[in-house]
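Asks: For reference, the sequence and a predicted model appear below.
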There are 2 protein chains.
Amino acid sequence: MHLMSRWDPEVSRSVEDYLKAIYTLQESGGAVRTSTLAERMGVAAPSATSMVARLAAGGFLRHTPYRGVELTEKGSRIALEIIRHHRLWEAFLHHALDVPIDQLNEEAERLEHVLSDELEAHMVRVLGDPTHDPHGDPIPSADGTVDSAVYPNVTDLPDGASATVRRVPSEDPALLRYLKTLGLLPGASIVLRRREPFHGPLTLTADGVERVIGRELAGQILVEPGSPPELPRAHPAKQRRRRG
Amino acid sequence: MHLMSRWDPEVSRSVEDYLKAIYTLQESGGAVRTSTLAERMGVAAPSATSMVARLAAGGFLRHTPYRGVELTEKGSRIALEIIRHHRLWEAFLHHALDVPIDQLNEEAERLEHVLSDELEAHMVRVLGDPTHDPHGDPIPSADGTVDSAVYPNVTDLPDGASATVRRVPSEDPALLRYLKTLGLLPGASIVLRRREPFHGPLTLTADGVERVIGRELAGQILVEPGSPPELPRAHPAKQRRRRG
DNA sequence: TTGGTAATTTAGTTGAGACTAAACATAGCG
DNA sequence: CGCTATGTTTAGTCTCAACTAAATTACCAA
Ligand SMILES: [Mn+2]
Ligand SMILES: [Mn+2]
Ligand SMILES: [Mn+2]
Ligand SMILES: [Mn+2]
């Protein structure tokens, strides 16, 4: 095999970050405009235009001038590889170094560009082929498929419903620290007690502890509805569960 | 505090690698010449000259034209920080991922440029403040001091002497794989049995197994003489090596 | 003392990736 | 239907880090 090596030397750190940004912007709404891309990358618009031209020349995307940009198969493949690297690093740093969940994104943002196939294989072995990172984001498989499961958020739950937290926003450290103090990280069992009218706050229990949170925050916490397996009297201790 | 941040944005990956190279070349013989540096970095001589000019302008080294180069305090500090990063990554990858000893150097060569203070602190905690990496290379301390202990090599031992392997060359994967099959990695207990005349091979036991190795290889294996402590009362207590 | 050789530096070029200023397209509105 | 605001691209510049070719220096041997 190996006719088309992934290691075009043209794929620099910068190119990787652009492709990843385009991929995620594409996921949350159609054609990606220059201004959106420039803002996300923290560069001026002409810088984005010029990078787009290079990426188009390299076959990573198609560019319709003044309209927007769309990744090719080749571009998506690389974007997914970087996202896989990012989330594997997050999972590994959390597992092996106990790096707090709010610092994972920043570290992985640099490390994602530095993960050899060999190191990746070691991580996968040690982590037991993980499917999700500590934020609950799905880890793309090595062949480029992603779990596209869509979860409801806390505001979607009916009053009194039980659920398990499955995914939280990953890029806001302050928010993540707050969620940690509330015990509202992936794996937590919650019960939605009530919601105040007029868009008011929600009351819920997280692993048995009662908490009050705002609507907007609740809308960002994705959950899997259903009671946790009420097996024998288990302590709802702080054990971390892994799922398959 | 924080008047002089380490994060001059002028310290790029490339600058870090040059400073590290100059530091290690400086250790193994006086003034560093342009050609030596260029060869080590795998670049043409004019590229080295031009980088040297920039490093001199940044206060990282002093350059005597046509003569050579010498790191300043500022330059040495950064070189030692990168070397610390390199060896910490090696120790960590070996510990947490069981990365084979012959692959550590290549991985650390990239990762050394991507180690935040926070991540470094986590590693130090998990590894228990390690003083040496898996090759036996000393890890510079955070404040820039290095254990400069000098060990004899296997050829320096008298016949019949016992010793413990302390340090092996770290940059040659094939050599490291060979040493691993021989059981001649740091920590191994050896006894030098005999040496053949006319610069012939040496016979020794490594953790009890008899091996024959060439003179040249033996000269690259650094050891600490003395019987291992497992033998009762073989020798009076040996004192720790002091540093300079 | 001088001339040849090897090492080093200078000069000039390239490409990546950023920037600002200016030109240009698109779409919304009168 | 055309004007204008907004967004996008073009044009030109900058720095970093590499290159080749040419000039310069150091050193050594005759
Ligand atoms: Mn990144
Ligand atoms: Mn994540
Ligand atoms: Mn390096
Ligand atoms: Mn080492």
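Replies: Cool, the structure landed. Ligands and ions are numbered 1, 2, ... in the order given.
Asks: Skip the chain neighbours and tell me the closest residue to the residue of chain A found nearest ligand 3.
Replies: Going by Cβ to the ion, ligand 3 is nearest to residue A:114 of chain A, at 10.2 Å. Glycine gets a C-beta too; all of them are placed from N, C-alpha and C. Leaving aside its sequence neighbours, residue A:114 sits nearest to residue B:110 (Cβ to Cβ, 6 or more residues apart in numbering or on different chains; 4.6 Å).
Asks: if I look at the one you found, how far off is residue B:116?
Replies: To residue B:116, residue B:110 is 15 Å away according to Cβ to Cβ, to the nearest Å.
Asks: What of residue A:227?
Replies: Taken as Cβ to Cβ, the span from residue A:227 to residue B:116 is 41 Å.
Asks: Which one of those two is surrounded by more residues?
Replies: residue B:116 (15 against 11; other Cβ atoms under 10 Å in any protein chain shown).
Asks: Now do the contacts for the residue nearest to that one when sequence neighbours are not counted.
Replies: The shortest distance from residue B:116 to any non-neighbouring residue, by Cβ to Cβ, 6+ apart, is to residue A:107 (6.4 Å). When the contact criterion is Cβ atoms under 8 Å, 6 or more residues apart in numbering or on different chains, the partners of residue A:107 are A:89-90, A:93, A:99, B:116, B:118-119.
Asks: before we move on, the earlier item: so the residue nearest to residue A:114 sits in a strand?
Replies: No: assignment of residue B:110 by DSSP: H, G, I helix; E, B strand; the rest coil gives helix, placing it outside any strand.
Asks: Burial check on it, number of neighbours?
Replies: Using other Cβ under 10 Å, the number of residues around residue B:110 comes to 17.
Asks: That one contacts residue A:115, correct?
Replies: No: using Cβ atoms under 8 Å, residue B:110 is not in contact with residue A:115, being 9.1 Å away.
Asks: Helix or strand for the residue nearest to residue B:116, just tell me which one.
Replies: Using DSSP states H and E, residue A:107 sits in helix A:104-111.
Asks: isn't there a strand covering residue A:224?
Replies: Yes: counting by three-state DSSP, residue A:224 is found in a strand.
Asks: State the distance from it to residue A:122.
Replies: Distance from residue A:224 to residue A:122, by Cβ to Cβ: 30 Å.
Asks: and those two? which has more neighbours close in?
Replies: Using other Cβ under 10 Å as the criterion, residue A:224 and residue A:122 rank with residue A:122 on top: 20 against 16.
Asks: Touching, that one and residue B:95? I think so.
Replies: No: counting by Cβ under 8 Å, residue A:122 does not reach residue B:95; the two are 11.9 Å apart.
Asks: Which segments of chain A make up each domain?
Replies: Per automatic domain parsing, the structural domains of chain A span A:1-148, A:154-226.
Asks: Adding distance to residue B:150, write the ones you listed out as JSON lines.
Replies: Formatted as JSON lines, those follow (distance: least, Cβ to Cβ, whole Å):
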{"stretch": "domain A:1-148", "distance to residue B:150": "33"}
{"stretch": "domain A:154-226", "distance to residue B:150": "46"}
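Asks: where among those domains is the average confidence lowest?
Replies: The stretch with the lowest mean pLDDT among the domains of chain A is domain A:1-148, at a mean of 94.
Asks: Check whether it comes into contact with DNA strand D.
Replies: Yes: judged by Cβ under 7 Å from any atom of the strand, domain A:1-148 and DNA strand D are in contact via A:33-36, A:45-46, A:48-50, A:52-53, A:63, A:65-66, A:68.
Asks: Can you flag which of those belong to strands?
Replies: A:63, A:68 (DSSP state E).
Asks: ok, what's across the strand from residue A:222?
Replies: Residue A:222 has the following beta-bridge partners by DSSP bridges: residue A:153, residue A:167.
Asks: Share the number of residues neighbouring it, please.
Replies: For residue A:222, the neighbour count with other Cβ under 10 Å is 20.
Asks: wait, it sits on residue A:151?
Replies: Yes: using Cβ under 8 Å, residue A:222 is in contact with residue A:151, at 3.9 Å.
Asks: residues shared between the contacts of the two?
Replies: Between them, residue A:222 and residue A:151 share the contacting residues A:166-167, judged by Cβ under 8 Å, 6+ apart.
Asks: in the lengthiest helix in chain A, what's buried?
Replies: Ranked by residue count under DSSP state H, the longest helix found in chain A is helix A:73-97. Of the residues in helix A:73-97, A:74-97 count as buried by neighbour count, 16 or more other Cβ atoms under 10 Å in any protein chain shown.
Asks: now check that helix, is it near ligand 1?
Replies: No: if you take Cβ under 5 Å from the ion as the test, helix A:73-97 misses ligand 1, and the best it gets is 7.2 Å.
Asks: Packing partners of that helix?
Replies: When contacts are defined as 3 or more Cβ pairs under 8 Å, 6 or more residues apart in numbering or on different chains; DSSP states H and E, helix A:73-97 sits against helix A:13-27, helix A:104-111, helix A:117-127, helix B:73-97, helix B:117-127.
Asks: Is it possible to get a markdown table of the ones you listed that adds distance to residue B:161?
Replies: Shown next, in a markdown table, are the helices and strands packed on helix A:73-97 (distance: least, Cβ to Cβ, whole Å):
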| stretch | distance to residue B:161 |
| --- | --- |
| helix A:13-27 | 51 |
| helix A:104-111 | 45 |
| helix A:117-127 | 38 |
| helix B:73-97 | 29 |
| helix B:117-127 | 32 |
